[in-house]
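**Student:** Okay, sequence plus prediction incoming.
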Amino acid sequence: MSVVAMLFFIVVLLFALLAAAALLTWVERRLLAWWQDRYGPNRAGPFGILQAFADVIKILLKEDWIPPLADKPVFVIAPAIVAVTMLLGFAIVPLAPGLVIADLNVALLFFFAMTGLSVYSVTFAGWASNNNYSLLGSLRTAAQMISYEVFMLLSLVGVVILAGSFRLTDIVDAQRGMWFFVPQFVGLVVFFLAAIAETHRLPFDLPEAEHELVAGYHTEYSGMKFGLFFLGEYLGMMLSSAMIVTLFFGGWLGPPFLPPIVWFLLKTAFFVCLYLLLRAALPRPRYDQLMGYAWKFLLPVALLNIVVTGAIVVATRSPAEVGS
Amino acid sequence: MAVPTDAPAPALPKTRGVQRANELAERLEKLLGPDLFPEGARVQPTADGIPTLWLASERVRDVLLCLKHELAEPYEMLYDLTAIDERVRHVRDGQPSSELTLVYHLLSFSRNEDLRLKVPLEDGASVASVVDIWPNANWYEREVWDMFGIRFDGHPNLRRILMPPTWKGHPLRKEHPARATEMGRFELPDDRYEAETEALRFVPEEWGMKRSTESSDFLFLNLGPNHPSVHGVFRILLQLDGEEIVDAVPDIGWHHRAQEKMAERQSWHTYLPYTDRVDYLGGVMNNLPYVLAVEQLAGIEVPDRAKVIRVMLCELFRIASHLVFYGTFTQDVGALSPVFYMFTDRERVFEIIEAICGFRMHPAWFRIGGVAADLPEGWDRMVRDFLKWMPPRLREYERMALENRILRARTVGVGTMTTEEAIDWGVTGPNLRATGFDWDFRKTRPYSGYEQFEFDVPLAENGDCFDRCAVRAEEIRQSLRIIEQCVENMPPGDYKSRHPLATPPIKDRTLHDIETLIHHFINVSWGPVVPPGESHFNIEGTKGAYGYYAISDGGTIPYRLRIRTPSFPHLQVLPLISRGLMIADLIAILGSIDFVMADVDR
């Protein structure tokens, strides 16, 4: 792609992502309402679809308030970090052949770098707010996200072994014969659970568990700063769905009667809905149970997965293939 | 005067109570020696037949200790503790002179009998605290201090509990004004605002807490009064070590509306709507103990049809209240959806209630002597539809909530209470039954015709959060059974008694005979004149045992009305069962206790 075309693509993607995140709030509320025998927002525009934009306008116009006892610079930076890292994460996601901003040869590591950085956002927010609930929320987050990142990384080693590359386009291409969710089912499960914890969505929404910590780390945030956390959460949800599709469900691959990008978007939408359904269906485990589950169950499973995958690859492929 | 169709027989329980009280007095004298009783009187006859003894204030502790620990069939529970300002009471025949009377209400499960102990006090006198005998006396004594200004020597932290710490005066004393218009204009200038706010600051040292140990500093978390999971306005101060709760101090009174004080200026009849708002999820269930206490005092026998209508509505409200519990409890452990399904069901309950009563949450539909009106046409069809609708839904909820592994992991073994602890702390109702103790006033002391119904009392074993939920889930089924029996066997007849004190009287005869016309006129304009006396009535409410203690001085308004609610002692147990757990567990416990703050603070 030429530089102009690339810039154009970036701008389009940026706006598409922001619009999708806003729309996703509406989709979530309508779907939840449907599952919960109620209406949800249905007044603004057809099926209430303009509610998302009404909310954006409201949140933009709200007073931008900083608590007097807060640590101001950190308080302001925190929400920006999560939105920026999540948006940057999309730079490596291949939407279709050739349709990717940065086809890095270390794309997977870049993804982990971005999710890793987003932990700072939550920790800073909780620390800078000078509020006990925020502090407890951010401590929970730091512990939760750092531990789950370990398994997230480990769960993908199998995929990397099979594809022989960290480059996402290579990983998708490697799935032409069989999507990786079949040989890497264990990896998929671990990655999916870790991704929920990373984006702190229910049932793993302990950092902001409203029944316990009011709103957790973002209790003191309002207006667009709160909006950025919100945006970050929805972008995170989309990003991890996109990663699940890319790594385990063949990315843009699909029968040729639909263009590749449509396949990619459809698959991603499916996983986003799965996220929402989980929120409607499950209670929340306790903090220590969540951590215990991670270290006592997911860690051994992920490690076992690596060993087994590696062994099978070594046993079945010729040394030349493995070595490449 | 028109001859009442249902002749009252108040003499019977009265004499029995006196006889039991005399036996007990002799037994106590044998065990503890003379001078237990004040001069003049020791046994007081009451309309409710509860043995009532007067005690000398110096010997209260000895007697209570003996009653709890030494008697063969002991009085295990301090059911209630309150006081009466006697200074303007006229009818006190046979009672020793007293300005403020302290009333201990004990409950013996082994005897299935109550005991009322009264202590005559001069204004300004103090009594020995009994917190070491019954831990739940802590809050009750604070309440009596707050409301009457009676001091308790040896109380660990005698401070106001329902009123703000800056309050002047003791509201339930007769000289304290009852309305804002009698108190002068309310102003809140900046300095007073500051002072009021400062008075609410939590100082750990006042509660004997340390701010740090050698190895760690504690975090004090002010949870509430506004918090998503405290079910109303309730503040709990947590001493945290990380996320672990070291200690907790519940702070109540934010929902205090002086229900008992308001009773002292409402007629017996017009007080009814206030009772609905004591446990605002229980609706007419709150009317029941009140009207039963007043009917007992007035000697009114309620017709069978009215009794069955009352039972049916109470059980409908029990279902409505338990559904709220079920939904909010599962929501408190993080499941977002069940509450919506349960509120849909509750809506169906309210449709029936609305069709019968004309109101939904607070119908105030019971009347002294019966209910407000007969059942409307087609009521049985609505109820039958509901009886068919509900059981499959309950099964679904079990699969969704109680059988969910995450929910079980969150609630099994969390917030455990033993039966002994529960009884010591005055816990009643489903929370007591969750510990495995079989006690349900509907079975042990059937009222309003409950002895005619077939139903089981669900029990659990461990007294943890899960059991408290499971017991209530099963109680919904049992309530459906009772309602079904009501529909199938609704007796014909009057919906209200023909007794002259039934209010408002059935009107059909008013224009045919002068006596009924006079009673109608008087009862509607003044309200009924209830004969002097004292009467207490317990029922098995939605959240535990509700008791109304009505004292009449022979007038149209109560002289004193004490409302014993279950949530008050239930909240007091919180620190005991949440120490050493995490914040998330505390939220599960709060949800599982099933309290409403209106019921705690009154």
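**Tutor:** That came through fine. Numbers count the residues shown, from 1 in each chain, chains lettered A, B, ... in the order given.

**Student:** State the mean pLDDT of the helix or strand encompassing residue A:238.
**Tutor:** For residue A:238, the host element (DSSP states H and E) is helix A:223-248. Average pLDDT, helix A:223-248: 88.

**Student:** can you list the weak-confidence ranges in the chain?
**Tutor:** Answering for chain A, as no chain was given. Within chain A, the ranges that satisfy pLDDT under 70 run A:1, A:206-212, A:318-324.

**Student:** my bad, the chain I had in mind was chain B
**Tutor:** Ranges of chain B meeting pLDDT under 70: B:1-13.

**Student:** Any residues of it in contact with chain A? List them.
**Tutor:** Applying CB under 8 Å from any CB of the partner chain, one finds that chain B approaches chain A through B:219-222, B:227-229, B:243, B:330-337, B:340-341, B:344, B:401, B:404, B:406-407, B:409-410, B:582-585, B:587. Quick note: C-beta positions are derived from backbone N, CA and C, even for glycine.

**Student:** Next, count neighbours for residue B:451.
**Tutor:** Residues lying near residue B:451 (other CB atoms under 10 Å in any protein chain shown) number 10.

**Student:** swap that for residue B:569, sorry
**Tutor:** As a burial measure, residue B:569 scores 28 neighbours (other CB under 10 Å).

**Student:** host element of it?
**Tutor:** helix B:567-572.

**Student:** ok, residues contacting the helix or strand just after that helix?
**Tutor:** Going down the chain from helix B:567-572, the next helix or strand is helix B:574-578, by DSSP H and E. Helix B:574-578 has contacts (CB atoms under 8 Å, 6 or more residues apart in numbering or on different chains) with B:135, B:236, B:245, B:247-250, B:415-417, B:421, B:425, B:585-586, B:589-590, B:593.

**Student:** So what's the residue count around residue B:447?
**Tutor:** Using other CB under 10 Å, residue B:447 is surrounded by 19 other residues.

**Student:** and it, what is it in contact with?
**Tutor:** B:292, B:441, B:537-539.

**Student:** Which residues are in contact with residue A:286?
**Tutor:** Residue A:286 is in contact with B:409-410, B:582, B:584-585, counting by CB under 8 Å, 6+ apart.

**Student:** For the residues you listed, give me TSV that also has secondary structure.
**Tutor:** Formatted as TSV, the contacts of residue A:286 follow (DSSP: H, G, I helix; E, B strand; the rest coil):
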residue	secondary structure
B:409	helix
B:410	helix
B:582	strand
B:584	helix
B:585	helix
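
**Student:** Pull the distance from stretch B:473-480 to the chain's centre.
**Tutor:** Distance, stretch centre to chain centre, for stretch B:473-480: 21 Å (CA atoms, centre = their mean, to the nearest Å).

**Student:** Three-state assignment for residue B:436, please.
**Tutor:** On the basis of three-state DSSP, residue B:436 is classed as coil.

**Student:** Report the separation between residue A:100 and residue A:242.
**Tutor:** According to CB to CB, to the nearest Å, residue A:100 stands 11 Å off from residue A:242.

**Student:** Which residues are in contact with each of the two?
**Tutor:** Counting by CB under 8 Å, 6+ apart, the residues touching both residue A:100 and residue A:242 are residue A:93.

**Student:** how about stretch B:222-239: buried residues?
**Tutor:** Buried residues in stretch B:222-239, counting neighbours by 16 or more other CB atoms under 10 Å in any protein chain shown, are found at B:222-225, B:227-239.

**Student:** List the ones among the residues you listed that fall in strands.
**Tutor:** B:222-223, B:235-239 (DSSP state E).

**Student:** so how many other residues sit close to residue 314?
**Tutor:** Unless you meant another one, I'm taking chain A. Look at residue A:314: counted by other CB under 10 Å, it has 11 neighbours.

**Student:** ah, no, chain B please
**Tutor:** Residue B:314 has 28 neighbouring residues, counting by other CB under 10 Å.
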